[in-house]
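Enquirer: Just a sequence and a predicted model for now, questions to come.
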Amino acid sequence: MPKVEQHVHLEGTVSPEMVVMFADRNGCKLPDDFIKNGEYSWNGFDEFINAYDIVASCIKTASDYSDIIYDYLIRSADENVIFCEIGYSPYHGMVNAGLSHEELVDCLSDGINRAKEKTGIECRLLCTIVRFLGNVDAVKIAEDIAIYLHKHEEKYVTGFGIAGLEREDDIFAFEEAFRIANEAGKGLTAHAGENCGSVSVRNSLKAIPCLKRIGHGVRILEDKKLVEEIIDKEIVLEVCPSSNVKTGVLKDVDDVANHPLRKLVDLGVRCTVNSDDPPFFHSSIGNEYQLLHGKMGFSIEEIISITNTAIESAFVEDSVKTKLQGKLADFISMINYT
Ligand SMILES: [Zn+2]
């Protein structure tokens, strides 16, 4: 089945084999028990963030970045992914590898072009700002990044979003960054309603009037009126089932079988399915689709509809959307024929 992904973080796609390769070639030392039986070893949300940072700290050069995106797109194409939006952080590109925004986008574009040439997979980049950077002024950095995008025509950078540890009301500080990114024609999304409750989603809607999608957002179920507002405004939730279960952000959800995606779809909320940081959750986008059909009980028709929502709400030119919808239509006629 053709698949579409719109919520996955660049550093979060690095496989354990790849981080060992980077550590060797860049002279970094990984903690002794960091990888067990070929998988990242961590427990709980804080250890997950720490593991993510260790992986990110082994990425040191432009060619590392190009290899990461190429490798992920090739693996995705193997799972029949036809379109993927990948979140990258200009701040981390600068800190990890000393790359300017322009250099980072250039090497990522190189990886995208190589993967497209080999497999036909389409990819766009979602520029991701970070909510909290310790002693560093995260708001000023976010605005500088937005201004850069306003000034420079970056063909593959079609979206602008925010990630990092959520707080209920910190989103208001980033209003100006989102306003500029919107003016630059970028599609807007924000992580909210993951480890913070529904208030973080409500505040995101207030702070970012042109918000099109929400990263996670699953905790809107705590507020019935908010669910209605999300449906009315046709805002799409980028849902990441395995991520939510493994990081333990949802109370009483210890298996994807009781993940709230089923309930959200039944209520009429537009949702997509995503892998977030797949090797950290022992998953992949193909595996998330399998869980939809297996443990979560979605029919093929419902999964096609979720994929179609992902195409409609993708931050990509209409001509590409039409092409992707054609591939989905080919699949539908094939299963109707057989
Ligand atoms: Zn995420």
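Expert: Sure thing, it's come through.
Enquirer: separation between F281 and K321?
Expert: According to Cβ to Cβ, to the nearest Å, F281 stands 28 Å off from K321. C-beta coordinates here come from the backbone N, C-alpha and C atoms, glycine included.
Enquirer: who's more crowded, the two?
Expert: Shown here are F281 and K321; by other Cβ atoms under 10 Å, F281 has more neighbours (23 against 16).
Enquirer: G248 is in contact with the more buried one, correct?
Expert: No: with contact defined as Cβ atoms under 8 Å, F281 does not count as touching G248 (11.5 Å).
Enquirer: Strands of the stretch 51-200 of the chain, residue ranges please.
Expert: 81-88, 122-130, 157-163, 187-192 (DSSP state E, counting those that start in this stretch).
Enquirer: So in that sheet, which strands flank the second one, and in what orientation?
Expert: What that stands for is strand 122-130. strand 81-88 (parallel), strand 157-163 (parallel) (DSSP bridges).
Enquirer: Give the phi and psi angles for G215, as a check.
Expert: Torsion angles at G215 (phi, psi; degrees, to the nearest 10) stand at phi -70, psi 120.
Enquirer: coming back round to it: could I get the strands paired with strand 122-130 in CSV, plus columns for distance to I335, mean pLDDT and mean neighbour count?
Expert: As requested, the strands paired with strand 122-130 are arranged in CSV below (distance: least, Cβ to Cβ, whole Å; pLDDT from 0 to 100; neighbours: other Cβ atoms under 10 Å):
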stretch, distance to I335, mean pLDDT, mean neighbour count
strand 81-88, 16, 98, 25
strand 157-163, 30, 97, 24
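Enquirer: Check what pLDDT T338 gets.
Expert: Per-residue pLDDT puts T338 at 65.
Enquirer: cool, K140 as well?
Expert: Looking at K140, its pLDDT reads 95.
Enquirer: Quick check: the gap between it and A177.
Expert: From K140 to A177 the distance is 9 Å (Cβ to Cβ).
Enquirer: and these two? which has more neighbours close in?
Expert: Shown here are K140 and A177; by other Cβ under 10 Å, A177 has more neighbours (24 against 11).
Enquirer: Surely that one is in contact with H150?
Expert: No: using Cβ under 8 Å, A177 is not in contact with H150; the gap is 10.5 Å.
Enquirer: Poorly predicted segments of the stretch 51-200 of the chain, please.
Expert: Applying pLDDT under 70 to the stretch 51-200 of the chain flags no residue at all.
Enquirer: State the distance from the nearest residue to A77 once chain neighbours are set aside to S76.
Expert: Among residues not flanking A77 along the chain, T119 sits closest, at 3.6 Å (Cβ to Cβ, 6 or more residues apart in numbering). Separation of T119 from S76 (Cβ to Cβ) stands at 9 Å.
Enquirer: What of N182?
Expert: From N182 to S76 the distance is 28 Å (Cβ to Cβ).
Enquirer: Looking at the two, which one has more neighbours?
Expert: More neighbours surround S76 than the other of N182 and S76, with 27 against 19 (other Cβ under 10 Å).
Enquirer: Please name the residues that touch the more buried one.
Expert: K3, E5, C84, I121, S284, I285 (Cβ atoms under 8 Å, 6 or more residues apart in numbering).
Enquirer: Then E238?
Expert: Q6, H7, T189, R213, I214, G215, H216, G217, T272, N274 are the contacts of E238 under Cβ under 8 Å, 6+ apart.
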